[in-house]
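1. Model the following, please.
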Amino acid sequence: MVVGEGGELRRPQDMNRSRLEFRPALLLALRTYSARTLVADLIAGVTVGLVALPLAMAFAISSGMTPQAGIYCAVVTGLLISALGGSFVQIGGPTGAFVVVVSGIIAQYGVDGLFMCTMMAGVLLVIMGLTGTGTAVRFIPRPVVIGFTNGIALVIASTQLKDFFGIPLEQVPGEFIERIAALAEGASSLSPVTTALATGVLAAIIVWNRLVPRVPGYIVALLAGTAIATMAQWPVETIGSRFGGIPSGLPELRVPTFRPDLILSLISPTLTVAMLGAIESLLSAVVADRMSGTRHNSNVELFAQGVANIASPLFGGLPATGAIARTATNVRSGAKTPVAGIVHAVTLAVILLVAAPLAAMVPMAVLAAILLVVAYNMGEWREIPELWRQGWTDRLVWLVTFALTVLADLTVAVEAGMILAALLYIRRVSATTTVTRVSPDYIRSSREHSLQDKELPDYVSIIRIHGPFLFGVTDKLERLLPHLDELKPVVILRLRNMTAIDATGLKGIEDFADAVKRSGRTLLLCGAPPQPARMMDRAEFHRHVGAGNILPNVEAALRRAESIHEARPRPAAEGAAGTQLL
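-> Alright, predicted model coming up:
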């Protein structure tokens, strides 16, 4: 083992591999592929393909495109991302996060502008992957990510209210406040039948997902809602009545119209699409790793996302990224390799070939109910109370990002959130920098934190964080996760020299604590300075490790480790533990 950049433990061959290997996960998976794995991938792929069908149509319609544009995107990008990507079980395709961005681009620049923007963003993602700069997305603070995720979810939900209640509006305003005002004004003329259908579908999804989580409620709701509305001949708007149905057959290759006059104007939305695609795909890949026990290659994944976004407009598709909900469904359905993602794309292609006319019968209210559930699930609402406990600076960053996402647009929101976070970063670092005179009391207290005169038992591993643990550096702790098996039964995280922490850093330590606990080990924290200690106390960090495992210094942590070790059941033949010097 060697110590890599930032103090992480790494094997020499791992360091070389991260620099030199650029192989898709599919090639790695096929080395040990088996018939049993193929069966698991087939079942998962078909399942997630059926789940993707209503979502792809709903995302496209909410973005201002035809429903087939969403399916074409899911087929093309789903195939390419699984075939070329760096994640073993990630599912790619259109997502709710892009709805707000795409609808804004279409409103201002038209469909040609959207296709140009998507392809330009794809080129940027390819460059990020090839140059290894994709990891720069870690410099986006957690309050900014949560803020724009909450904002996007709220905006998506607001765009579905017209179809959910059947409110007869000719044109839904693009601005949030104007949209809500128009919907409120037209609420008196809502359709009771449409509202009843949408409410029933919404309740069915919620109840089904609680009672039968193995079978996604989206599929059941789509089929049941469509069947009931069709057999009862309810007067509700459908995909057929609004769009004339979905054409049968695979998408045709067509080169979009290139407009040089739009290049400079599209730079800002291109950066937004690329940044959002990178963030969501890597977040989804991390979720996939945790659920499946695999490890993705970020640069390969970004390269695949770039190729997919270059190809999608050639077939009339939307921007694409990693889809967290569909990826989770893929893992829960038993997927083992990227073959499941390829099967998911093939499943959608088969539906286009043989069942496209049936999609015309799907009521718009059913899709609206499905998207409301998606908006709620993507909102990460449970993160808000925890974020609110972590101090006024993180609250301010979240609030500004959230408000601007809802009231302005995502580009402005992220820019403002990043600028504010950077200023607060400087403030936080400067506030924790001290100049003090060394006194006899300081020297005496330092002995409790010093390791120089202490022995490290062979059942203890000590990890230290040195310097501010703020957004942009939390990946250095994440790099330890693949090496947890090499750590001893008791792990001490020494925070004596961690001068400052923010919400992103705190979340990183929380995730590390949870991973250590899942591995069967005990994590102790010791020596946190005042600012990190206050942050951890406000966030109730003791819920992750236990109040008794947060110690004032390393001397107390070693005593606590000894008591934990003595309390562990040990084989009778096991001798007394030896010690080794640090």
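
2. How much space separates residue 68 from residue 274?
-> 25 Å (CB to CB, to the nearest Å). Any C-beta I mention is one placed from the backbone N, CA and C, and that applies to glycine too.

3. Between the two, which has more neighbouring residues?
-> residue 274 (27 against 24; other CB atoms under 10 Å).

4. doesn't that one fall inside a helix?
-> Yes: assessed with DSSP: H, G, I helix; E, B strand; the rest coil, residue 274 lies in a helix.

5. Not counting its own residues, what contacts stretch 215-225?
-> With contacts defined as CB atoms under 8 Å, 6 or more residues apart in numbering, stretch 215-225 is touched by 47, 50-51, 53-55, 197, 200-201, 204-209, 329, 362-363, 365-366, 369-370, 373.

6. which ones among the residues you listed are found in helices?
-> 47, 50-51, 53-55, 197, 200-201, 204-209, 329, 365-366, 369-370, 373 (DSSP state H).

7. Only whichever of those are buried, select them in PyMOL.
-> Only the buried entries of the ones in helices among the contacts of stretch 215-225 go into this PyMOL selection, using 16 or more other CB atoms under 10 Å:
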select buried, resi 47+50+51+53+54+55+197+200+201+204+205+208+209+329+365+366+369+370+373
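
8. Residue 387 is in contact with residue 538, correct?
-> No: contact criterion CB atoms under 8 Å: residue 538 and residue 387 do not qualify, at 10.7 Å.

9. In terms of neighbours, single out the busier of those two.
-> residue 387 (24 against 14).

10. buried residues in the regular element (helix or strand) spanning the more buried one?
-> In this structure, residue 387 sits in helix 383-388 according to DSSP states H and E. Under the neighbour-count criterion of 16+ other CB under 10 Å, helix 383-388 has 383-384, 386-387 buried.

11. repeat for stretch 507-527
-> Buried residues in stretch 507-527, defined by neighbour count with 16+ other CB under 10 Å: 507-513, 515-516, 521-527.

12. Show me the contact partners of it.
-> Contacts for stretch 507-527 (CB under 8 Å, 6+ apart): 142, 449, 469, 474, 477-478, 480-481, 484-485, 487-496, 501, 536, 539, 541, 544-545, 549-554, 556-557, 560-561, 564.

13. Tell me which of those residues fall in helices.
-> Short answer: the contacts of stretch 507-527 in helices (DSSP H) are 142, 449, 477-478, 536, 544-545, 554, 556-557, 560-561, 564.

14. low-scoring stretches of this structure, by residue?
-> 1-21, 134-139, 425, 428-439, 441-453, 472, 570-582 (pLDDT under 70).

15. element containing residue 340, please.
-> Counting by DSSP H and E, residue 340 is part of helix 339-354.

16. Against which helices or strands is that helix packed?
-> On a contact count with 3 or more CB pairs under 8 Å, 6 or more residues apart in numbering; DSSP states H and E, helix 339-354 meets helix 35-63, helix 67-84, helix 324-332.

17. Could I have the CA atoms of stretch 216-227 written out in PDB?
-> The C-alpha coordinates for stretch 216-227 follow below in PDB (Å, rounded to 0.1, in the frame of the first residue of the first chain):
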ATOM      1  CA  PRO A 216     -42.400  -0.500 -10.200                       C
ATOM      2  CA  GLY A 217     -45.800   1.300  -9.800                       C
ATOM      3  CA  TYR A 218     -45.200   3.400 -12.900                       C
ATOM      4  CA  ILE A 219     -45.900   0.400 -15.100                       C
ATOM      5  CA  VAL A 220     -49.000  -0.700 -13.200                       C
ATOM      6  CA  ALA A 221     -50.400   2.900 -13.200                       C
ATOM      7  CA  LEU A 222     -49.800   3.400 -16.900                       C
ATOM      8  CA  LEU A 223     -51.500   0.200 -17.900                       C
ATOM      9  CA  ALA A 224     -54.400   0.400 -15.400                       C
ATOM     10  CA  GLY A 225     -55.100   4.100 -15.900                       C
ATOM     11  CA  THR A 226     -55.100   3.800 -19.700                       C
ATOM     12  CA  ALA A 227     -57.300   0.700 -19.600                       C
END
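
18. Just the buried positions in that stretch, please.
-> For stretch 216-227, using 16+ other CB under 10 Å, the buried residues are 216-222, 224-226.

19. so of those, which ones are in helices?
-> Using DSSP H, the buried residues of stretch 216-227 in helices are 217-222, 224-226.

20. and the angle from the lengthiest helix in the chain to helix 35-63?
-> Of all the segments of type helix in the chain, defined by DSSP H, the longest one is helix 97-131. Helix 97-131 and helix 35-63 are oriented at 130 degrees to each other (axes from the mean of the first three to the mean of the last three CA atoms, to 10 degrees).

21. Flag every buried residue along helix 97-131.
-> Buried, per 16+ other CB under 10 Å, within helix 97-131: 97-106, 109, 111, 113-122, 124-126, 128-129.

22. From residue 410, how far out is the most centrally placed residue in the chain?
-> Closest to where the C-alpha atoms of the chain average out (CA atoms, centre = their mean) is residue 283, at 3.3 Å. Remark: distance between residue 283 and residue 410 (CB to CB) = 16 Å.

23. could you dump the ones in helices among the buried residues of stretch 216-227 to CSV with distance to residue 251?
-> Putting these into CSV (distance: CB to CB, whole Å) gives the following:
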residue, distance to residue 251
217, 28
218, 23
219, 23
220, 28
221, 26
222, 22
224, 29
225, 26
226, 23
